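# With the sequence up front, the predicted model follows.
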Amino acid sequence: MKTDIDSRPDGTAVAMLSAVAPVRTGRVRHGTAFWLLAYAFAITMAFSAAPAPLYVLYQQRDGFGSFTVSLVFASYAIGVVVSLFLAGHISDRVGRRRVLIPAVAINMVAAALFLLPGLSALLVARFVSGVSIGMLTATATAHLAELHLVARPGASRVRADIVATVANVGGIGLGPLIAGLLAEYAPSPLVVPYLAFEVLLLLGLLAVALVPETVATTSDSRPPYRPQMLSVPAGSRSRFFAACAAAFAAFAIFGLFTSLTPGFLSGVLQQRSHAVAGLVTFLVFAAGALGQIFVARLPLARQVALGLGALAIGLAVLTTGVWTATTILFLAGGLLTGAGAGVVFKGAVVTVFGLAAPQVRGGTLAGLFLTGYVGLAVPVLGLGLATQLLSTQVAVLGFAVALMLLIAVAFRPLVGRPRASRS
């Protein structure tokens, strides 16, 4: 069976099954497969952020500073961007499982690379992990939606939207929490966290192996391979690019809290606990996940408006906390920006999912994630470089002002009423 997915104007998604080509049924039902894939998605995303509270230990071991941390983090984001550009859309051609299984396996390879000594190994491990995530994000998001719609024909897409974005954002927060706790309380803090994640990723790999395929593929129907191409209806370009701008801003916040924040806690606030560093990052991403849940039943435009507003206010509070070296303000700003970024990211995903035609949905989502992961790398690199030339306070202020300008650009196309016609 081939699964085509359409979205009605009221947000209800309908799965239309047509006997065009056989699709492998898998070993479990689509409803069970939905949750197995959600676990694999979440734990793979968790591993992608696990090094965050460990960067301070790497700095001590290898003797590098905050800008090098930015470079290490950027190597991850570069891996994501390269992978998204080359492979993020190919699940539309070859099927979801044929992309997801290698994606999880590649992250297991990255976990082994993290056990090697030296900065070069760290850079390579982060890049390899990024390649895995670039293959995973758009593919898993599309696959979850399709599994949900096959399991619940005619049902609203809300559950799939929430689970996909919570697995993504919540998973990223879970990784630093696990790694931070293990680094603080278990022996060998740069070894044990990765061994633990190897086991969790292996379970995720087994879970994906059980999940049924939802994309019918035949060699005769496959178009020639091309790198990532965006496919957006001409009448919706402004909303698509506004969604990309919003995702860029949201991922810039995620990048800040998974790269430089643990060093800020240690250097400025004198908080050197790896568990606390992991907890702070977890709380920011947990706020993002909870924010998505709390606004899920609101109209999409209102969700985005609340998210962008929380993001802007949170940036102001966060910047104030940095300037005054006040832990409470820093954490409050982190929670607000985390909640706002989570809601904005979910709104961007839902917006783009609704704009894209079913046969190119994975590719168009990959375009959104491509923009988001550029936002993950570039602002953090700029902030890391700025801290070498300016005070941390001035650098963070510039970071906040740039993101607020981007929020202002994205606000009207996403919150305003979309055009009535669709092409």
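It's in. Residues are numbered from 1 along each chain as shown.
# going forward, measure contacts and count neighbours with C-alpha atoms only.
Will do.
# Can you give me the distance of Phe73 to Gly321?
24 Å (C-alpha to C-alpha, to the nearest Å).
# And those two? Which one has more around it.
Phe73 (29 against 20; other C-alpha atoms under 10 Å).
# For that one, give me the backbone phi and psi.
Backbone torsions for Phe73, taken as degrees, to the nearest 10, come to phi -70, psi -40.
# and Val99, how many neighbours does it have?
21.
# cool, Val131 as well?
27.
# Can you classify Thr387 by secondary structure?
helix (DSSP: H, G, I helix; E, B strand; the rest coil).
# in terms of contact, does it touch Ala395 like I think?
Yes - Thr387 lies in contact with Ala395 (C-alpha atoms under 8 Å); the separation is 5.9 Å.
# Specify which residue of those two has the higher count of neighbours.
Taking neighbours as other C-alpha under 10 Å, Thr387 and Ala395 compare with Ala395 leading, 19 against 16.
# I figured the more buried one hits Ala386, correct?
Yes - Ala395 lies in contact with Ala386 (C-alpha under 8 Å); the separation is 5.5 Å.
# Tell me the helix or strand right after the strand or helix carrying Ala249.
Ala249 is part of helix 237-257 when elements are defined by DSSP states H and E. Sequence order places helix 261-267 as the next helix or strand after helix 237-257, per DSSP H and E.
# distance between that next one and the chain's centre?
Distance of helix 261-267 from the chain centroid (C-alpha atoms, centre = their mean, to the nearest Å) equals 22 Å.
# next SSE after it?
Taking DSSP H and E, what comes next after helix 261-267 is helix 274-294.
# Contacts for the helix or strand that comes right after that following helix, please.
Going down the chain from helix 274-294, the next helix or strand is helix 300-324, by DSSP H and E. Contact partners of helix 300-324, identified using C-alpha atoms under 8 Å, 6 or more residues apart in numbering, comprise 295-296, 327-344, 347, 392-393, 396-397, 400, 404, 407, 411, 414-417.
# what about 6 Å?
295, 329-330, 333, 336-337, 340, 343-344, 347, 393, 400, 415 (C-alpha atoms under 6 Å, 6 or more residues apart in numbering).
# out of those residues, which are inside helices?
Taking DSSP state H as the definition of helices, the contacts of helix 300-324 contribute 329-330, 333, 336-337, 340, 343-344, 347, 393, 400, 415.
# out of those, what pair is the most spread apart?
Gln393 and Val415 (31.8 Å; C-alpha to C-alpha).
# Can you give the distance of the helix ranked longest in the chain from its chain's centre?
Looking across the chain with DSSP H, the single longest helix is helix 119-151. Relative to its parent chain, helix 119-151 has a centroid offset of 9 Å by C-alpha atoms, centre = their mean.
# Output the contacting helices and strands for that helix.
If you count contacts as 3 or more C-alpha pairs under 6 Å, 6 or more residues apart in numbering; DSSP states H and E, helix 119-151 packs onto helix 30-49, helix 66-87, helix 97-113, helix 361-389.
# okay, now the closest residue to Met108 other than its chain neighbours: neighbour count?
Closest residue to Met108 apart from its sequence neighbours, by C-alpha to C-alpha, 6 or more residues apart in numbering: Glu198 at 5.9 Å. Residues near Glu198, counting by other C-alpha under 10 Å, number 20.
# looking at this structure, which helix or strand does the model trust least?
Ranking every helix and strand in the chain by mean pLDDT, DSSP states H and E puts strand 13-18 at the bottom, with a mean of 36.
# Output the below-cut-off pLDDT ranges for this protein.
1-26, 218-223, 228-235, 260, 266-271, 359-360, 362-363, 417-423 (pLDDT under 70).
# So the residue nearest the centre of the chain versus Leu318, what's the distance?
For the chain, the residue whose C-alpha lies nearest the mean C-alpha position (C-alpha atoms, centre = their mean) is Asn168; its distance is 5.0 Å. Using C-alpha to C-alpha, Asn168 is found at 23 Å from Leu318.
# if we can go back for a sec, looking at the helices and strands packed on helix 119-151, which is nearest to Val158?
Among the helices and strands packed on helix 119-151, the nearest to Val158 by C-alpha to C-alpha is helix 30-49 (13.8 Å).
# Relative to Arg98, how far out is the closest residue to Val94 other than its chain neighbours?
Sequence neighbours aside, Thr217 is the residue nearest to Val94 in space, at 6.0 Å (criterion: C-alpha to C-alpha, 6+ apart). Separation of Thr217 from Arg98 (C-alpha to C-alpha) stands at 11 Å.
# More neighbours: these two, which one.
Thr217 (19 against 14).
# Which elements pack onto the helix or strand Val199 falls within?
Val199 is part of helix 192-210, with elements assigned from DSSP H and E. Packing partners of helix 192-210 (3+ C-alpha pairs under 6 Å, 6+ apart): helix 30-49, helix 97-113.
# ok so, going back, using TSV, lay out the ones in helices among the contacts of helix 300-324 together with neighbour count.
Listed next are the ones in helices among the contacts of helix 300-324 as TSV, based on neighbours: other C-alpha atoms under 10 Å:
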residue	neighbour count
Leu329	20
Phe330	22
Gly333	26
Leu336	26
Thr337	31
Gly340	33
Val343	32
Val344	31
Gly347	27
Gln393	17
Ala400	21
Val415	18
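# And for Tyr225, the neighbour number?
10.
# no, scratch that, I was asking about Leu298
Neighbours of Leu298 (other C-alpha under 10 Å): 10.
# May I have the residues that are in contact with it?
So Leu298 contacts nothing (C-alpha under 6 Å, 6+ apart).
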